[in-house]
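Q: Here is a sequence with its predicted model. Questions after.
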Amino acid sequence: MENKDVILSGKEITKSYGDNTVLQGISLELYAGDFTVIMGASGSGKSTLLYVLSGMDKPSGGKLCYRGQDITNASEKELTKLRAEDFGFVFQRTHLVSSLTLKENICMAGLICGSMSEKEVKEKTDMLILQMHLKKAKDRLPAQVSGGEAQRAAVARAVITKPVLLFADEPTGALNKANTEEVLDLLTMAHTEGQSVLLVTHDRDAALRGNRILYLEDGIIMGELMLEPYLGRKKEREQKLASWLEGFRW
Amino acid sequence: MRKNQILLKEPVLPRTAMLLKATWKKQRESICGIFLLVLVLSLCLFSSLTLYVSGKNSVEAEMDYLGFGDFTIWINGEREGLAEEIEDVSDVEKVIHQPLIYAGYEVNGGYSDNEGQLIVYDGSIPYRFITAEGKELSAPEIAQGTVYISPAMRASFDVETGDTIQFELSRKDGIVSLTVAGYFADGFMGSSMIDMKSFLINGEDYAAMQEVISTAAKVDVLGREGAMLHIFQGLGSSLSALDFQRAIQDGSDVLLYTEFTYKKESILDYMLLLQNILCGFLIAFSVVLFIVCIVVTGHSLSAVVEQDKKDMAVLKTLGMPGKEIRNVYLMLYGGVILTGLILGLSFAEWIAGGLARGMVSSTGMLITVKLPFLLSLLLLMALVLLFAVFLILRTGKILLVAPMETIGGTAGGKQVRTVIRQRFLEWHIALRELSYAKKNYIALFLIAVFLTVFLAVIGRMGTWLGPNGEGLMNAFSVADHDLGVQPFNRDVPMDEIERIIEWYSPVQETYELAMESVTVNGQIYEANILNDTDWFHILRGRVCDGDSVLITDTVANELELSIGDTVRVAANGRTENYQVSGIYQCANGMGSNIGMSLEGYSKIGDITGYIWCYHYILENGNVRDYAMNYLQKHYRGIDVHTNSWSGLDGIVLMMHVLIVIIYLIAAVFIMISVALISGKLLQAETGNMAVYKSMGLSTARLRLSFALRFLAVVMTGAVIGLLVSVVFADGLIGRVFRSFGIGDFHSGFSMMGTFLPLAAIPLLFFLFAWAFSARLKQVSIVTLITENDD
């Protein structure tokens, strides 16, 4: 772990909504090239943690650093730049722009980022459409495609700019098994290609894609499991995760 | 859901009240916006209507109060028994004889184009005395050496109490100076639109003036005695106005002494010209505002129904009838519309009163403002009915909400046709949103079209009018000219005067004009006689010659004449038949005039004496005022004038004020409309906006894109509005102008008139949309996870 670069770190992160404290002084570090999974029961604060870490939501207390730079109180302009260039997001609900076709939704992220020419964005989009099996649906609007197609397009949109860190909040929560596998494959592929991933899920199969699992309960990280040593040994990974989760009465 | 179940267990009334409260809470922004729009509409409509009706009633009442008959004849000289002779005519009820002295005058270095009419104030005619602001004062004793004037002279000559007016009665020691002591309300000559002005003076001053006139040598006399004969038609008389006038002319010698004649209606038109133009435009603008209100309300209701569709569907599944849900919306929207209309109506009198007070220096009297109750009530009922029908039709959609289809959602079969490009990304996103949800922008488009048409019409009027009122000058004058000089005696050195004019600017053209009273088929008109008939503004037909005359549209309508007809023209006891060769434009006397050639008039008229006015067209027309001032200052016995009149400045000023008022109201309307429309759009698009933000599109770029949608739609509407105005405006304005005697209206192109609405309307929409889209700053990406548990 020591030889990995820390890309995002949170120190004593708290988040409260009125009297309700959702995150209770969490400290954690995310490393370059990791596929980190946050697990926990409903209401444990895992999505809140993801949105605070990604700068979408402001923490009530604590400090947040991205690549060594304090972004706790970053301006909207700085955060916009981070979202356009360094961060990618996949939401539980697809959240595609309703007036854009799937292809345009994917393309749009590249166009906004500005690091690629329009031609490059279009080539990359066409490539992702093929990879995501969206050829037939690419020219349809989000309201005209299936949930699986929409979510695959949402993942493609998140990865088109090759973000440093990909945040995924329960991306398979509303999908059937086949679509779930396809979406997880895409996240794994992004990870394999060197992108860091932070996935929030309560699905064991989804969690098995990660190399580092954090367990959250009542806004506190209760445990951490490294699955890296079991790379390539699917059964052992599953057993390890199951027994680890049992410790939290999961 | 539990809440809804509870709701449905309630009896209908409390249940409706609960739903009303909830809907109000959710839609209060839209409802308040519509209330404001309706309030502005109501204020604009009812105050202009109040001013219009009050103006008409007030001036008419004042004319009756001061004894103006069905028509008044201004006569020259005094003829014993003339009034009695007229009174003996069978259809005449009575004649009021009001003696006066005609005299030219100078005030504050300015000379009047028309003679003043000096009248003794002895209380027999109950003139009202007022302050410059129109407040009524008790009748004073007019002291010797003082004069009371119309407050309209403040606008024409910048005259104040304490200033001196010099009346020219005789060339030799015949200038009488009187000090302005105050103002009086002149019900039939007070308006700044009428250059003839009355002056109330002391009886001893009047007698002294009569003495000056009677003792002066004939060649030196400038002033003259005369009278106004106010003639009242008998109540039982069945004669038309025209036949009544003919009967008086046939039954008396009045024609031999007539200077000019005005019907009550003509005086009313003159007196009310300014406020009629102002009210006319404001009422027309109110119609545009009404359409905008309907469009915005329609848009708002559609958006609200769309937004609340799911809630409505849920309520329906629980057994609440669609009619009951609809009634909630009808009550809310109908309630605020009715409140806005009634509130506007209740302030109308107050606003109209303010406008009337501000117009005293134009109207020459304070209009007594009174809300026309019955008319307002009828109009209010008509508006309520129109809004009610509209609301019932628009909320019909609520009845059609199908519960399961709505809750389940539909896939929709939309197609997109615009492309998304990296360059000008904001613009491309804007175009996509427009093509994706065209329906949402129809309201904007319609508002833009209607506002542009109206503002372009106003702009075209402004262009026609010109910066110095050239449009009206040409419409009211017989023929174009820069300078006119009329000598009143043989001592006037016209050669020298022409050399002076030449010194200011070379003279391009010159011709001569005389204006004499004639009768046409027995009706009194003014004949404009030119020695060069090519100068007449011919609308149709050809210029006149020795055997023909020109008539205006007004005369053609009054006497039911057309080109080719034969008319009987009489003057000085001689009568001759002429053919109507054409229709020409001259709005002077509300168009009650004819055009004749020198050759034609010489058959019936006396062309000796000093009837001719020499008109000059200068190479450099800008120097005309300097030349006029010089000549007025250095020569006596002449009348020098430009192609203008003192009330023109008032019209030009009012036009500018009107444009500013209408642009201000339009800006308020645009602001409220944009607030309503943008509010609904942003509410519907919060999700999309948050997604764009999550992709890294900054708030500023999103706002720009949002405002660009408005710009694109409104610009399209504005261009179409402008084209519509180009095609229809001249015809529309021409139709209105015809009633003022202006038969021909053609507005030219101008940057201000043409492009101001095209630039101002889209720009206002764009800026307001930009401003209101500031709420995008509050759109948080967290919106996207609000439905998640954690």
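A: Arrived safely.

Q: For chain A, just list every one of the strands.
A: With strands called from DSSP state E, chain A shows them at A:6-17, A:20-31, A:35-40, A:61-66, A:69-70, A:87-90, A:165-169, A:196-200, A:212-217, A:220-226.

Q: Now chain A against chain B: closest residue?
A: Ranked by C-beta to the nearest C-beta, the top residue of chain A for proximity to chain B is A:A84, at 2.4 Å. Glycine gets a C-beta too; all of them are placed from N, C-alpha and C.

Q: Could you verify my assumption that that residue touches A:L111?
A: No. Contact criterion C-beta atoms under 8 Å: A:A84 and A:L111 do not qualify, at 10.1 Å.

Q: circling back to that earlier point, return the distance of the residue of chain A closest to chain B relative to A:L208.
A: Between A:A84 and A:L208 the computed distance is 31 Å (C-beta to C-beta, to the nearest Å).

Q: between A:A84 and A:L111, which one's more packed in?
A: Neighbour totals were compared for A:A84 and A:L111, and A:L111 leads with 25 against 20 (other C-beta atoms under 10 Å in any protein chain shown).

Q: Now do the contacts for residue 136.
A: Chain wasn't specified; assuming chain A. With contacts taken as C-beta atoms under 8 Å, 6 or more residues apart in numbering or on different chains, A:K136 has no neighbouring residues.

Q: wrong one, I was asking about chain B
A: B:E136 makes contacts with B:128-130, B:366, as judged by C-beta under 8 Å, 6+ apart.

Q: Just flag the most distant two among the residues you listed.
A: Spatially, the most separated pair among the contacts of B:E136 is B:F129 and B:L366, at 11.5 Å (C-beta to C-beta).

Q: Spit out the residues that contact these two alike.
A: B:136, B:185.

Q: the more surrounded of those two?
A: B:L366 (22 against 18).

Q: okay, B:Y504: pLDDT?
A: You'll see B:Y504 listed with a pLDDT of 93.

Q: For it, list the residues it contacts.
A: Counting by C-beta under 8 Å, 6+ apart, B:Y504 touches B:618, B:620, B:623-624, B:626-627, B:630.

Q: Farthest-apart pair in these, please.
A: B:N620 and B:Y630 (14.8 Å).

Q: More neighbours: which of those two?
A: For B:N620 and B:Y630, the more surrounded residue by other C-beta under 10 Å is B:Y630, and the numbers stand at 17 against 11.

Q: Report the spatially nearest residue to that one, omitting neighbours in sequence.
A: Leaving aside its chain neighbours, B:Y630 sits nearest to B:I500 (6.6 Å; criterion: C-beta to C-beta, 6 or more residues apart in numbering or on different chains).

Q: what's the neighbour count on that neighbour?
A: There are 16 residues near B:I500, going by other C-beta under 10 Å.

Q: next one: B:D480
A: 16.

Q: Verify the stated contact: it with B:W535.
A: Yes. Using C-beta under 8 Å, B:D480 is in contact with B:W535, at 7.0 Å.

Q: helix or strand right after the helix or strand hosting B:V518?
A: Using DSSP states H and E, B:V518 sits in strand B:507-520. Helices and strands here follow DSSP H and E; after strand B:507-520, the next one along the chain is strand B:523-530.

Q: how big is the angle separating that next one from strand B:507-520?
A: Following axes from the mean of the first three to the mean of the last three C-alpha atoms, to 10 degrees, one obtains 160 degrees for the angle between strand B:523-530 and strand B:507-520.

Q: now the lengthiest helix in chain A, how far from the centre of its chain.
A: When chain A is parsed with DSSP state H, its longest helix is helix A:177-192. Helix A:177-192 has its C-alpha centroid displaced from the chain centroid by 12 Å (C-alpha atoms, centre = their mean, to the nearest Å).

Q: Quick one: neighbours of B:F450, just the number.
A: The burial count for B:F450: 20, using other C-beta under 10 Å.

Q: for chain B, what's the longest strand?
A: Chain B, longest strand under DSSP E: strand B:92-107.

Q: Is the residue in chain B positioned nearest to chain A within a helix or a strand, and which one?
A: Ranked by C-beta to the nearest C-beta, the top residue of chain B for proximity to chain A is B:G696, at 2.4 Å. When elements are assigned from DSSP H and E, B:G696 belongs to no helix and no strand.

Q: Excluding covalently adjacent residues, which one is nearest to it?
A: In this structure, B:G696 finds its nearest non-sequential neighbour in A:A84, 2.4 Å apart by C-beta to C-beta, 6+ apart.

Q: pLDDT score assigned to residue 155?
A: Picked chain A for this. A:V155 is assigned 88 on the pLDDT scale.

Q: I was after chain B.
A: 73.

Q: Are there helices or strands packed against the strand or helix carrying it, and which ones?
A: Secondary structure assignment for B:A155, by DSSP H and E: helix B:152-157. The elements that helix B:152-157 packs onto, with contact taken as 3 or more C-beta pairs under 8 Å, 6 or more residues apart in numbering or on different chains; DSSP states H and E, are helix B:360-363, helix B:648-684.

Q: low pLDDT regions in chain B?
A: Chain B contains residues with pLDDT under 70 at B:1-14, B:109-111, B:113, B:192-193, B:402-414, B:609, B:645-647, B:738-744, B:748, B:783-790.

Q: Domain map for it?
A: Here the domain parsing of chain B from automatic domain parsing is B:1-68+B:272-407, B:80-252, B:418-469+B:646-790, B:478-642.

Q: Quick one: the helices in the stretch 351-500 of chain B, in order.
A: B:360-363, B:373-394, B:396-400, B:403-408, B:425-436, B:442-465, B:470-476, B:494-504 (DSSP state H, counting those that start in this stretch).

Q: Take the second one, keep the C-alpha atoms, and write them as PDB.
A: So the one you mean is helix B:373-394. Provided in PDB are the C-alpha atoms of helix B:373-394 (Å, rounded to 0.1, in the frame of the first residue of the first chain):
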ATOM      1  CA  PHE B 373     -68.400  53.200 -14.300                       C
ATOM      2  CA  LEU B 374     -70.800  51.400 -16.700                       C
ATOM      3  CA  LEU B 375     -68.300  51.200 -19.500                       C
ATOM      4  CA  SER B 376     -65.600  49.900 -17.100                       C
ATOM      5  CA  LEU B 377     -68.000  47.400 -15.600                       C
ATOM      6  CA  LEU B 378     -68.900  46.100 -19.100                       C
ATOM      7  CA  LEU B 379     -65.300  45.900 -20.100                       C
ATOM      8  CA  LEU B 380     -64.400  44.200 -16.800                       C
ATOM      9  CA  MET B 381     -67.100  41.700 -17.400                       C
ATOM     10  CA  ALA B 382     -66.000  41.100 -20.900                       C
ATOM     11  CA  LEU B 383     -62.400  40.500 -19.700                       C
ATOM     12  CA  VAL B 384     -63.500  38.200 -16.900                       C
ATOM     13  CA  LEU B 385     -65.600  36.200 -19.400                       C
ATOM     14  CA  LEU B 386     -62.700  35.900 -21.900                       C
ATOM     15  CA  PHE B 387     -60.300  34.900 -19.100                       C
ATOM     16  CA  ALA B 388     -62.900  32.400 -17.700                       C
ATOM     17  CA  VAL B 389     -63.500  30.800 -21.100                       C
ATOM     18  CA  PHE B 390     -59.700  30.600 -21.600                       C
ATOM     19  CA  LEU B 391     -59.100  29.000 -18.200                       C
ATOM     20  CA  ILE B 392     -61.900  26.500 -18.600                       C
ATOM     21  CA  LEU B 393     -60.500  25.400 -22.000                       C
ATOM     22  CA  ARG B 394     -56.900  25.300 -20.700                       C
END
